[in-house]
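K.L.:
how does the following fold in three dimensions:
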Amino acid sequence: MALPHAAIHHFRHNGYLKCRDLLPAETVTELKETILKDIAEEAEPTVRDKTDRVVRISQVLDRDPIFLKAASHSPLLDTLESLLGPQIELVKNRHNHATLNYTTPMGDSFHRDAVQWSRSLVSVILYLEETTTQNGCTQVIPGSHLLPGVDVLHRVESEAWVAEGNLLAQAVPVPMPAGSALLIDGLVFHRIGPNQTSDTRMSMTLGYHSADELADTDDAKRILVRGKRNYRGNDTAPT
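P.N.:
Numbering: from 1, shown residues only. Below is the predicted model of the structure:
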């Protein structure tokens, strides 16, 4: 379903949008089972925490077909089409991972998913377990995608103007039910909150672009999930 204009405006103005019930329950269950299996088997590539636990499996799109099935689920792509247009690429070299957030006294550092506005992306966090303020829901700083570019992705507070503006204090938590998705402009400051419970918080994160109209060759790190690639460079004869 196409997004209403008010929802599109909210995303453009605030830099994020909550979308409930985007994945069917059976897909959520299959994703969880597959992720837990890969974590138990320590199937590389993985990311470990300071206690050597596997907390993330990377390159999920090259794993079980369920990951691409979820990433190209029609209601999700319908929603993205309202923001990106009819030609949509799924990127393999940004995000493309599933995370199991365990109990931790501290949250992630605030970060961006892109450094400059000219080639940003829409980050999609698919929640496979309910996420709350207690178990580490995502925190965002509304409108921060409209601020200047920075030369770092992580620990944006290292930029003097970010610290001086007290921007991190403006963060708001975004609790979400399982099967829902949070769409984030790649330039929004955001982070995973601290999990203060004994339970986990599982999610899958993906990145999407509109297909690049100035790229005249296929890119192995992009998967066209809707529409077609239309090269429109002015070095070719008009059609």
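K.L.:
so for the biggest strand by length in the chain, mean pLDDT?
P.N.:
Longest strand of the chain, by residue count under DSSP state E: strand 201-210. Confidence for strand 201-210, expressed as mean pLDDT, is 96.
K.L.:
stretch 140-154: end-to-end distance?
P.N.:
14 Å (Cα to Cα, to the nearest Å).
K.L.:
report the buried residues of that stretch.
P.N.:
The neighbour-count criterion (16 or more other Cβ atoms under 10 Å) identifies V140, I141, P142, G143, S144, H145, L147, V150 as the buried residues of stretch 140-154. The C-beta positions use only the backbone N, C-alpha and C, and glycine is treated the same way.
K.L.:
now stretch 112-129
P.N.:
The neighbour-count check on stretch 112-129 (16+ other Cβ under 10 Å) flags 112-114, 120-129 as buried.
K.L.:
max pairwise distance over the residues you listed: which two?
P.N.:
For those, the farthest-apart pair by Cβ to Cβ is S120 and E129; their separation is 27.9 Å.
K.L.:
report the lowest-confidence entry in the buried residues of stretch 140-154.
P.N.:
Of all those, V150 has the smallest pLDDT value, namely 77.
K.L.:
gap between that one and S144?
P.N.:
In this structure, V150 lies at 10 Å from S144, with Cβ to Cβ, to the nearest Å as the measure.
K.L.:
how about stretch 62-77: buried residues?
P.N.:
Along stretch 62-77, these residues count as buried under the neighbour rule (16+ other Cβ under 10 Å): R63, D64, F67, L68, A70, A71, S72, H73, L76, L77.
K.L.:
over to stretch 12-23?
P.N.:
By neighbour count, and taking 16+ other Cβ under 10 Å as the criterion, the buried residues in stretch 12-23 are N14, G15, Y16, L17, C19, L22, L23.
K.L.:
mind checking which of those residues land in strands?
P.N.:
Secondary structure of those is defined by DSSP E; positions in strands are Y16, L17, C19.
K.L.:
still on that earlier bit, pick out the lowest-pLDDT one from the buried residues of stretch 12-23.
P.N.:
Per-residue pLDDT puts L22 lowest of those, at 93.
K.L.:
so who does the residue lying closest to that residue once chain neighbours are set aside touch?
P.N.:
Taking Cβ to Cβ, 6 or more residues apart in numbering, and ignoring the residues beside it in sequence, L22 has A181 as its nearest neighbour in space, at 4.6 Å. By Cβ atoms under 8 Å, 6 or more residues apart in numbering, the contact set of A181 is C19, L22, L23, L76, T79, V124, I125, L126, Y127.
K.L.:
mind putting those residues into JSON lines with distance to Q59?
P.N.:
Written out in JSON lines, the entries for the contacts of A181 read as follows (distance: Cβ to Cβ, whole Å):
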{"residue": "C19", "distance to Q59": "25"}
{"residue": "L22", "distance to Q59": "22"}
{"residue": "L23", "distance to Q59": "20"}
{"residue": "L76", "distance to Q59": "20"}
{"residue": "T79", "distance to Q59": "24"}
{"residue": "V124", "distance to Q59": "17"}
{"residue": "I125", "distance to Q59": "17"}
{"residue": "L126", "distance to Q59": "16"}
{"residue": "Y127", "distance to Q59": "20"}
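K.L.:
so where do the helices sit in the chain?
P.N.:
Under the criterion DSSP state H, the chain carries helices at the ranges 5-14, 25-40, 65-71, 74-84, 160-164.
K.L.:
wait, which of the ones you listed is closest to K228?
P.N.:
When these are compared by Cβ to Cβ, helix 74-84 sits nearest K228, at 13.4 Å.
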